[in-house]
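[1] Take this sequence and fold it.
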Amino acid sequence: MNSKPTLVVLSPRFPYPTEKGDKLRLYHQLHALVQSFNVHLISLSEHEILPEHKAIIDQLVIKNHIIYQSKNRLLKAIFQFILGKGALQVNYYNEKRIKEKVEALISQLAPDILYVQLVRIAHMVHHYKGPKAIDYMDAMSLNMKRESSFRSALKRIVFGLEAQRILKVEQNCSQYFNRKFIISSADKSYLESKGISDLQVISNGVDCAFFDPHKLPSIPIKYDIAFVGNMGYLPNVLAAEYVVHKISSSSKKELSTLIAGARPHRRVQRLQSKNVTVTGWVKDIREAYLSAKVIVAPIFSGAGQQNKILEAMALGKTCITTTQVNQAIRAVKGTEILIADTEEQFLKHLENLWNNPTLCDEIGKNARKFVVENFDWKREGNKLCTELLDLIKERHDFS
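    Numbering: from 1, shown residues only. Next comes the predicted model:
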């Protein structure tokens with residue numbers, strides 16, 4: 001007899017392939033959750049899931065429930081936003097048909113506990129009376145606020161409004177979820193300053209066995225610097241442009257540069273040149289990291305924790321990134337990571353590394369040690385399981 005409690009996980013995207021941060025996080029969390037729960041996954045999707053991708057998640061969970069979204073919802077979401085009705089990213093998922101399907105499935109499955117990924121779909125379970133937990137992941141309102149400063153005048157207004165409206169959603173969720181999780185202490189502090197209490201940090205992790213340079217064949221160094229990430233995401237688009245226009249082209253030496261990652265925006269594609277290679281999707285992302293001497297990540301917008309930095313560090317690469325990124329990672333500056341917030345600082349670090357290859361190797365070794373000791377998917381997944389099991393016990397004892 002299977003005595004595990006039943007857990008329903010509700011997510012706004014199907015968690016495979018893991019080319020986006022939210023999908024990567026949930027994919028690894030599912031591996032931990034199935035050890036303690038009978039897991040049913042309800043995920044929304046805007047496109048047909050490939051059978052081979054569905055099969056990977058089918059092997060993990062008791063049942064994989066996929067609900068397909070309507071094609072015309074974006075226009076409706078924009079119209080509602082213009083009328084002053086809600087946050088755009090909540091409106092995008094606010095379909096009556098979808099909500100009714102989700103409610104019917106939850107009622108049918110009668111879970112012991114419900115776990116929701118991201119506040120943008122929290123409205124679907126607002127009235128659910130059983131124990132429920134939510135993964136904020138990032139402070140979305142902070143993300144929108146930061147992005148607004150990088151937009152044109154009209155878009156700055158839109159992003160500013162979105163920041164205000166999604167903050168109200170974040171605050172509202174705080175009232176009706178029994179457990180609330182977030183990736184980084186920095187984002188936790190921001191939301192606490194907005195009146196959201198009892199947030200618990202469940203960090204991201206790295207598969208340190210997969211991202212182990214000692215278990216891989218030697219990859220030849222082809223590039224001086226590389227930037228890796230989802231190249232359809234605005235903070236990464238801006239970072240890629242910064243890498244090429246502010247770092248690569250301004251260096252005293254001609255830098256060969258790699259920009260690698262899925263779905264490159266046309267602005268990223270236009271960066272391709274004699275000295276700049278834009279690859280798009282890379283089958284084995286480890287090869288992209290290892291093919292460069294140094295990883296740079298000049299990210300000044302967005303929120304949360306940068307998986308790409310953790311992966312590169314796990315591979316023993318020296319990384320130069322911004323103060324903002326390191327606030328979520330908390331590596332020791334100068335020994336485990338290098339910090340730069342201006343063009344001059346990035347260039348100074350690079351010049352120092354070219355002149356001191358031993359220093360570059362030393363920082364890379366320290367970086368891997370730091371990630372192995374502090375960021376592990378299994379450990380963070382076990383923390384999540386413990387919190388959810390404790391919530392069930394609390395509710396059972398209370399009743």
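
[2] going forward, measure contacts between C-alpha atoms and count neighbours the same way
    Noted.

[3] Kindly list the main-chain dihedrals of residue 318?
    Note on residue 318: its backbone torsions stand at phi -80, psi 130 [degrees, to the nearest 10].

[4] where do the strands sit along the chain?
    6-11, 38-45, 63-68, 113-117, 132-137, 179-182, 199-201, 223-228, 257-260, 276-280, 292-297, 318-321, 338-339 (DSSP state E).

[5] What strands flank the longest one, and is each parallel or antiparallel?
    Just to be clear, that refers to strand 38-45. strand 6-11 (parallel), strand 63-68 (parallel) (DSSP bridges).

[6] What are the buried residues along the first one?
    Of all the residues in strand 6-11, those buried under the rule 16 or more other Cα atoms under 10 Å are 6, 7, 8, 9, 10, 11.

[7] Now that strand - C-alpha only, PDB.
    Extracted in PDB, the C-alpha atoms of strand 6-11 (Å, rounded to 0.1, in the frame of the first residue of the first chain):
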ATOM      1  CA  THR A   6      -1.000  13.200  -2.700                       C
ATOM      2  CA  LEU A   7       0.500  16.500  -4.100                       C
ATOM      3  CA  VAL A   8      -0.900  18.400  -7.000                       C
ATOM      4  CA  VAL A   9       1.600  20.700  -8.600                       C
ATOM      5  CA  LEU A  10       0.200  23.500 -10.800                       C
ATOM      6  CA  SER A  11       2.600  25.300 -13.200                       C
END
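
[8] and it, how far out from the chain's middle?
    19 Å (Cα atoms, centre = their mean, to the nearest Å).

[9] Can you list the neighbours in contact with that strand?
    37-44, 106, 109, 111-118, 121 (Cα atoms under 8 Å, 6 or more residues apart in numbering).

[10] If you go by neighbour count, which of the residues you listed are buried?
    Buried subset of these (neighbour count, 16+ other Cα under 10 Å): 37-44, 106, 111-118, 121.

[11] Just the C-alpha atoms of the top helix by length along the chain, please, in PDB.
    Longest helix in the chain by number of residues (criterion: DSSP state H): helix 153-176. Once non-C-alpha atoms are left out, helix 153-176 reads as follows in PDB (Å, rounded to 0.1, in the frame of the first residue of the first chain):
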ATOM      1  CA  ALA A 153       9.100  56.200 -22.800                       C
ATOM      2  CA  LEU A 154       5.800  54.500 -23.600                       C
ATOM      3  CA  LYS A 155       7.000  51.000 -22.500                       C
ATOM      4  CA  ARG A 156       8.400  52.500 -19.400                       C
ATOM      5  CA  ILE A 157       4.900  53.600 -18.400                       C
ATOM      6  CA  VAL A 158       3.500  50.100 -19.200                       C
ATOM      7  CA  PHE A 159       6.200  48.300 -17.200                       C
ATOM      8  CA  GLY A 160       5.800  50.800 -14.300                       C
ATOM      9  CA  LEU A 161       2.100  50.000 -14.200                       C
ATOM     10  CA  GLU A 162       2.800  46.300 -14.400                       C
ATOM     11  CA  ALA A 163       5.200  46.600 -11.500                       C
ATOM     12  CA  GLN A 164       2.500  48.200  -9.400                       C
ATOM     13  CA  ARG A 165      -0.200  45.700 -10.300                       C
ATOM     14  CA  ILE A 166       1.900  42.600 -10.000                       C
ATOM     15  CA  LEU A 167       3.000  43.800  -6.500                       C
ATOM     16  CA  LYS A 168      -0.600  43.900  -5.500                       C
ATOM     17  CA  VAL A 169      -0.900  40.300  -6.700                       C
ATOM     18  CA  GLU A 170       2.200  39.300  -4.700                       C
ATOM     19  CA  GLN A 171       0.800  41.000  -1.600                       C
ATOM     20  CA  ASN A 172      -2.600  39.300  -2.100                       C
ATOM     21  CA  CYS A 173      -1.000  35.900  -2.400                       C
ATOM     22  CA  SER A 174       0.700  36.400   0.900                       C
ATOM     23  CA  GLN A 175      -2.700  36.300   2.600                       C
ATOM     24  CA  TYR A 176      -4.100  33.000   1.300                       C
END
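
[12] Run the angle between the helix or strand of the chain with the lowest mean pLDDT and helix 153-176 for me.
    Ranked by mean pLDDT, DSSP states H and E, the helix or strand of the chain with the weakest confidence is helix 140-148, at a mean of 89. Note on geometry: by axes from the mean of the first three to the mean of the last three Cα atoms, to 10 degrees, helix 140-148 and helix 153-176 are set 170 degrees apart in direction.

[13] if we can go back for a sec, would you format the buried residues of strand 6-11 as JSON lines with pLDDT included?
    Formatted as JSON lines, those follow (pLDDT from 0 to 100):
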{"residue": "6", "pLDDT": "97"}
{"residue": "7", "pLDDT": "98"}
{"residue": "8", "pLDDT": "98"}
{"residue": "9", "pLDDT": "98"}
{"residue": "10", "pLDDT": "98"}
{"residue": "11", "pLDDT": "98"}
